[in-house]
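sharing a sequence plus its predicted fold:
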Amino acid sequence: MKVTFYQPVHPVLKKYIEGYYFIEKDDNHQPVRYLTFPDNYFILSACQDVSITQNKARMEISRSLSENVVIDFVFRCSEPIEIFYKQSVNEVTLYFKPLGIYHFFDADGSEGLEKNIQLSDFKEIVTAVLKEPNRSNQIEMLEHYWLSIFSQKDVKLAYTILADFETELSIEEIAAKNKITRQYVNKVSKKYLFKPASEFRKIQRFRNVLISNKKSKSLTELSYEHLFYDQSHLIKDFKELTRISPGKFFDNVDTEKNNIWFYI
């Protein structure tokens, strides 16, 4: 299965979109099964001519006999998900940075996002993208679409809290800094980041470890660099979010890649 990742070309889009994943249909493809892990992105996917079976922790994708485009969105991923491609398919997946999606779709929090995406012309655009054989043209079509619906939104408090989550400040200290209550910090986090503050920070710490990990670093070094209390705290969170020990994870996953998957 050929998977390629592209960062946005346009500087405006780079601020809000992490990148685009493309999967290409290949008749020589063998079935692929892997685990994907929690993150804080808003993920928007479109698959061409597929049948998808899904429950909370597993998704199975196979080719459909009928033509279709299936749109899928992930607001909140807090546990590993098993992905099984029975055959390869054509697919494009977009990863929006935290809060980024709000600059492209009007919604007062996560509740209205799914509805507004469904009511938009996104499916029409992405159907044309999936039918386009040239990759450069595909990316150009996507970027033209996002720029056509982009608008600067006033979510200043949410961005301030998002930045505070990357610091050593406790939730209580973040609340005091912004002259709001702890409960309101949590309300903003759930409304705009799709998960409670403690869960968002836990996943962000985990993802920061994946980004910065080098085999020369010890778990103790990684723990203190990324705001874990100690090594035991890192191991505990790692096992909760991956079902795998850090040692086994780093031995089997190439964290230099954009798609951090554990093949099974």
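Nice, thanks for sending it over.

only C-alpha atoms for contact and neighbour calcs from this point on.
OK.

what about the helices in the chain?
Per DSSP state H, the chain carries helices over the ranges 11-14, 110-119, 122-131, 135-149, 156-164, 171-177, 182-192, 197-212, 219-225, 231-242, 246-252.

for those helices, which one sits closest to residue 100?
When the helices of the chain are ranked by proximity to residue 100, the top entry is helix 11-14, at 9.1 Å, counting by CA to CA.

buried set for the closest one?
Buried residues in helix 11-14, counting neighbours by 16 or more other CA atoms under 10 Å, are found at residue 13.

again, but for stretch 49-61
By neighbour count, with 16+ other CA under 10 Å as the criterion, the buried positions of stretch 49-61 are 49-52, 60-61.

for stretch 256-264, same thing?
Across stretch 256-264, burial judged by 16+ other CA under 10 Å covers 260-262.

for those residues, give me JSON lines that also has pLDDT.
Output for the buried residues of stretch 256-264, formatted as JSON lines (pLDDT from 0 to 100):
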{"residue": "260", "pLDDT": "84"}
{"residue": "261", "pLDDT": "83"}
{"residue": "262", "pLDDT": "84"}
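
contacting residues for residue 106?
Residues touching residue 106, when contacts are defined by CA atoms under 8 Å, 6 or more residues apart in numbering, comprise 112-113, 116.

how about a cut-off of 10 Å?
Contact partners of residue 106, counting by CA atoms under 10 Å, 6 or more residues apart in numbering, are 112-113, 116-117, 149, 151, 153.

from residue 52, how far out is it?
Here the distance between residue 106 and residue 52 works out to 28 Å (CA to CA, to the nearest Å).

I'm done for today, thanks for sticking with me.
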